[in-house]
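A.B. asks: All I have is the shape, not the residue letters:
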DNA sequence: CCAGCAATCTTGACTCGTTCAAGAAAAGCG
DNA sequence: CGCTTTTCTTGAACGAGTCAAGATTGCTGG
């Protein structure tokens, strides 16, 4: 639950990115640290636990600039809203549950930069390869086994 | 521009998937064939060129069932709306332009099923690995070179 | 070839994540 | 300690996608 990144660390991160240090920004960073892969709404709720006066727009703005500055990473699996995480810099990937949307970190087996070498990129200048693993999370796997009958399951 | 898939082929595809053959569905299939990676709005416009009376809801429904049945593939890069393509069955990937959203097909260099072997999936049962290459398309690369001064460039 | 059922489509309202805009607040500089 | 610029608040708006109810239409069996 708790983490070792100190308040001062966050302050350094912000200053290092030429961003002003504000209460909303620190609160957002703390929220994202506590809730990896949280969507904007969850971040907003978490932020307001410590800073009740922060507007939803501020959270959108903050997450936006933090993502642009590379302090947080924004992920957005198909069919899901935007989610955020603090873990940046290491090219890791994500497993997404098709039924509940749960996200888990996955270190690429191949090592750093998985299959960044695409054969023919049609002239595109590629700077990043993102891998998303689709499947079923442990919780949903169990549910499925139990209520085997459920018809409408696969996609949607 | 034109394609070799005949009307009869589409009919077979639909019947094979236990789907009724309707004018809207055939029109959607033709539209997706003509416009690979088109979003729903573009598909709607294309459909109405031949079937003016088709509702937007019908297009959503049709694209939905076609995707569920595996007759079309739905892709949705972060920050983009849903896009569709006919090319299914071969595990190919996509290059997405960060500046204009253009999408191009990319055959994975590693062969079939790229890095589907994730090291630790935290108990997730993975059934698919999706790779998205992020970069700049040829057109946008050229633009960038020309107007080198542009400051706000990177993301967004 | 036609009746009947179920799947599909039309119409129109509505949700929800996200963005836009304008003015108030506060961070950091000199 | 003011000033300038960034950041935040407030409140409205946008747009992709969804929901719901009733009208149509595809397909099956007689």
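C.D. replies: Done, it's in. These numbers were taken from a predicted model, which means no experiment stands behind them.
A.B. asks: Can you list the low-confidence ranges for chain A?
C.D. replies: Low-confidence segments of chain A (pLDDT under 70): A:1-5, A:108-119, A:143-156.
A.B. asks: and it, which of its residues are near DNA strand C?
C.D. replies: Residues of chain A lying close to DNA strand C by CB under 7 Å from any atom of the strand are A:15, A:20-23, A:39-41, A:56-57, A:60, A:64, A:76, A:81-82. Where C-beta positions appear, they are placed from N, C-alpha and C, glycine not excepted.
A.B. asks: so what are the domain limits for chain A?
C.D. replies: Annotated domains of chain A cover A:7-75, A:90-146 [automatic domain parsing].
A.B. asks: Redo the ones you listed as a markdown table? Include mean neighbour count.
C.D. replies: Converted to a markdown table, the domains of chain A look like this (neighbours: other CB atoms under 10 Å in any protein chain shown):
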| stretch | mean neighbour count |
| --- | --- |
| domain A:7-75 | 17 |
| domain A:90-146 | 17 |
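A.B. asks: returning to what we had before: which pair in the residues of chain A next to DNA strand C spans the largest distance?
C.D. replies: Farthest-apart pair in the residues of chain A next to DNA strand C is A:15 and A:81; separation 29.9 Å (CB to CB).
A.B. asks: Looks to me like residue A:131 is in a strand.
C.D. replies: Yes - counting by DSSP: H, G, I helix; E, B strand; the rest coil, residue A:131 is located in a strand.
A.B. asks: Mind listing residues that contact the stretch of helix or strand residue A:27 belongs to?
C.D. replies: Using DSSP states H and E, the element containing residue A:27 is helix A:23-34. Helix A:23-34 has contacts (CB atoms under 8 Å, 6 or more residues apart in numbering or on different chains) with A:1, A:3, A:5, A:7, A:10-11, A:13-14, A:19, A:38, A:42-43, A:46-47, A:50-51, A:54, A:58-59, A:62-63, A:66, A:71-72, A:84-86.
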